[in-house]
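*Asks:* generate a structure from the sequence data that follows.
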Amino acid sequence: MQKGNIGVTTENIFPIIKKFLYSDHEIFLRELVSNAVDATQKLNTLASVSEFKGELGDLTVRVALGPDTITISDRGIGLTAEEIDKYINQIAFSGANDFLEKYKNDANAIIGHFGLGFYSAFMVSKKVEIITKSYKEGAQAVKWSCDGSPEFTLEEVEKTDRGTDIVLYIDDDCKEFLEEARISALLKKYCSFLPVSVAFGKKKEWKDGKQVETSEDNIINQTAPLWTRKPSELSDEDYKKFYHDLYPMSDEPLFWIHLNVDYPFHLTGILYFPKVKSNIELNKNKIQLYCNQVYVTDSVEGIVPDFLTLLHGVIDSPDIPLNVSRSYLQSDSNVKKISTYITKKVSDRLQSIFKNDRPQFDEKWNDLKIFINYGMLTQEDFYEKASKFALFTDTDDKHYTYDEYQTLIKENQTDKDGNLIYLYANNKDEQFSYIEAAVNKGYNVLLMDGQLDVAMISMLEQKLEKSRFTRVDGDIIDHLIVKEDKKANALEPDKQEMLSVAFKSQLPSVEKVEFNVIAQSLGENAAPVMITQSEYMRRMKEMANIQAGMSFYGEMPDMFNLVLNADHKLVKQVLADEEIACAADIVPLKFSIDDTTKRRDDLKKKQEGKKEEEIPTAEKDELNELNAKLDELNHKKNALFTTYAAENKVVRQLIDLALLQNNMLKGEALNNFVKRSIELI
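*Replies:* Below you'll find the predicted structure:
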């Protein structure tokens, strides 16, 4: 028997393995099973070039549970005593000490480098044994044993068959790995597509009301998964079945891309376009990354562009190491090439479907939209390609490319300054009357109700020349697309004020909402009252919800315009009644206001050009008194209009109808509206 110390130049590798790799300790099974698969594949390779002439026989890799052990067995090339000494004992590689010190805080960087994959066994074991016999003729079987210290033993033993058994004596704090369900889940996660059959126990079947083992091996993997096969051999049903194997609870995919490239890097895989739901985050991290059919991760940021993390599927590349740190990924040139390649393949596939089957593309647009928009917003080179096939959808559910839509609206929706005005709604039901008014005017209205449409609008206004997006409820219809300079106000200032004060006084209090009341000439057939909101302010508030640094806008109240149609008979009637009802009190008040205003203005004119200290105190006091008197008179005047409005049921009814139309009438105000409506009937 040989005894010795593992040749590692740091004091002890095992505490580092235990401590710094603890959070990821389940990967020991991936490392050991993939090592067994490698040993088996090497034997196959030697047989194919006639360097091994014996019988290959059953090459299944086996994982078995004992009372306190896990054993991973293969019938691969095995190891001689000299090879154990070289590959297991001699970790005294150049710079090992520096390497361990540098990466001790990065678990993924240690495992898999410099042959340390085997040592991941010590993350879960108090003792590890290797019982192995080389495929070479006349080889002596040996047993290596180590209890997690630098000391090991190596002795000759009897073993009839070639290959290797690795026996892990599981630590007391890792007993979870002795549970059949836990190992089964890990094998499914990491080993489902290894290229050599892997068996975990025997298949079970129900017999006499209980599960019993059969004699058939429980093979846990597909050795030739779909992405390793030629697309010409596969049917649509094969691709769909594989998708459901990967994601059992998912809807059917929209379509897929089979990746296969040999130069300048190796990459295979299948990427599926899922039916994307509205919540982006829930659909991320569904791409599984493999290295030679060994599962690595489903966190693929850095390997594929951010917007492509919405795709599902598999990428397999030997050029992406099994164990990598984030910083490594971001700087690796192969990874950058892979990212560029995948982006190009995706855009080419979308372009192809758009070109060859436009009806299918239109039909699937609602599912593709969030994915394509996300790409256009985050990746400039994708925007350039996607802008040829990205679509607008109008309120009649018709689809147009950007160029097609420009042609459609150019003649009728260009304003007096030559800007192309894109009208849009984000809720067909809530904005129905505004959409109807626009359509009656001969305009087309886009439906932009997607999660990313606010950001898309801002981007497209920068990308599309002389183009502006305006929501249909952003103003009255004649002001949405201004074809000529605006005419003067429909009413004299006094009448504007009478209506404004009357209606504003009857607006219900809505939290974080402010109203500005204006009267405009909208035509006899237009609605008597409508509510609009400034495009700029609404967009700023919407952007605040999705963009950091804009929370200031999110805290501001919503600003709405209550627009009174001065041409409508109901508004005319309210104004006429108000003038009659308030005339007796308003005339003397107005005389006092005019007189006080004149005296104040004369006094202010007299003080023009004088410094503060040059104005006599008496004049300052008089000016203050005049201002206070004006405030008081205006307050009395507004009180008269308010009293009138409170008694006029039509005023409140018109306000509530406008609020109701905009889904802003709730609670007590809604209840009062219903009662008043019944009374009016």
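
*Asks:* rest of the way, CA atoms for contacts and neighbours
*Replies:* OK.

*Asks:* helix or strand right after the lowest-mean-pLDDT helix or strand in the chain?
*Replies:* Least confident element among the helices and strands of the chain, by mean pLDDT, DSSP states H and E: helix 107-110 (a mean of 44). Going down the chain from helix 107-110, the next helix or strand is strand 125-133, by DSSP states H and E.

*Asks:* show me what that next one is in contact with.
*Replies:* Contact partners of strand 125-133, identified using C-alpha atoms under 8 Å, 6 or more residues apart in numbering, comprise 77-80, 121-122, 139-148, 159, 161-171, 174.

*Asks:* same question, stretch 557-573
*Replies:* Stretch 557-573 is contacted from outside by 476, 490-491, 512-534, 537-538, 650, using C-alpha under 8 Å, 6+ apart.

*Asks:* repeat for stretch 237-253
*Replies:* Applying C-alpha under 8 Å, 6+ apart, the contact partners of stretch 237-253 are Leu226, Tyr272, Phe273, Pro274, Lys275, Gly313.

*Asks:* longest helix in the protein, please.
*Replies:* Under DSSP state H, the helix in the chain containing the largest number of residues is helix 569-607.

*Asks:* buried residues, that one. List them.
*Replies:* Neighbour counts over helix 569-607 (16 or more other C-alpha atoms under 10 Å) mark 570-572, 574-575, 578-579, 582, 586, 589, 593, 596-597, 600, 603, 607 as buried.

*Asks:* same question for it, mean pLDDT?
*Replies:* Summarised as a single mean, pLDDT over helix 569-607 is 89.

*Asks:* for it, what is the distance to the chain centroid?
*Replies:* 58 Å (C-alpha atoms, centre = their mean, to the nearest Å).

*Asks:* so after that helix, what's the next helix or strand?
*Replies:* Later in the chain than helix 569-607, the nearest helix or strand by DSSP H and E is helix 617-647.

*Asks:* report the distance from the next helix or strand after that following helix to the chain centre.
*Replies:* Later in the chain than helix 617-647, the nearest helix or strand by DSSP H and E is helix 649-661. Relative to the centre of its chain, helix 649-661 is centred 40 Å away, using C-alpha atoms, centre = their mean.

*Asks:* do the same with stretch 468-476
*Replies:* How far stretch 468-476 lies from its chain's middle: 28 Å, per C-alpha atoms, centre = their mean.

*Asks:* related to what we said a few turns ago, please flag which of the contacts of stretch 557-573 sit within helices.
*Replies:* Residues of those located in helices (DSSP H): Met537, Arg538, Val650.

*Asks:* now the last one: how far from Gln506?
*Replies:* Look at Val650 and Gln506: by C-alpha to C-alpha, to the nearest Å, they are 11 Å apart.

*Asks:* can you give me the strands in the stretch 251-400 of the chain?
*Replies:* With DSSP state E, counting those that start in this stretch as the criterion, the stretch 251-400 of the chain has strands at 255-261, 267-273, 286-291, 294-297, 312-316, 391-393, 399-401.

*Asks:* okay, the ones you listed in a markdown table with mean pLDDT next?
*Replies:* What follows is these, written out as a markdown table (pLDDT from 0 to 100):
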| stretch | mean pLDDT |
| --- | --- |
| strand 255-261 | 90 |
| strand 267-273 | 92 |
| strand 286-291 | 85 |
| strand 294-297 | 83 |
| strand 312-316 | 91 |
| strand 391-393 | 96 |
| strand 399-401 | 96 |
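
*Asks:* where does pLDDT dip in the stretch 151-300 of the chain?
*Replies:* For the stretch 151-300 of the chain, the stretches flagged by pLDDT under 70 are 276-285.

*Asks:* hmm, Lys202 is touching Gln211, no?
*Replies:* No - Lys202 lies out of contact with Gln211 (C-alpha atoms under 8 Å); the separation is 11.5 Å.

*Asks:* who touches both of those two?
*Replies:* By C-alpha under 8 Å, 6+ apart, Lys202 and Gln211 have no common neighbours.

*Asks:* more neighbours, these two?
*Replies:* Higher neighbour count among Lys202 and Gln211: Lys202, with 14 against 11, using other C-alpha atoms under 10 Å.

*Asks:* give me the distance between that one and Leu194.
*Replies:* Computed as C-alpha to C-alpha, the Lys202 to Leu194 distance reads 19 Å.

*Asks:* how about Asp173?
*Replies:* Per C-alpha to C-alpha, Asp173 is found 29 Å from Leu194.

*Asks:* okay, those two: which has more neighbours?
*Replies:* A direct count of neighbours by other C-alpha under 10 Å for Asp173 and Leu194 places Leu194 higher, at 24 against 10.

*Asks:* which residues does Thr132 bridge with?
*Replies:* Val142, Thr164 (DSSP bridges).

*Asks:* and it, what's its pLDDT?
*Replies:* Looking at Thr132, its pLDDT is 95.

*Asks:* ok, back up a step: looking at the strands of the stretch 251-400 of the chain, which one is packed in the most?
*Replies:* Comparing the strands of the stretch 251-400 of the chain by mean neighbour count (mean count of other C-alpha atoms under 10 Å), strand 312-316 comes out on top with a mean of 25.
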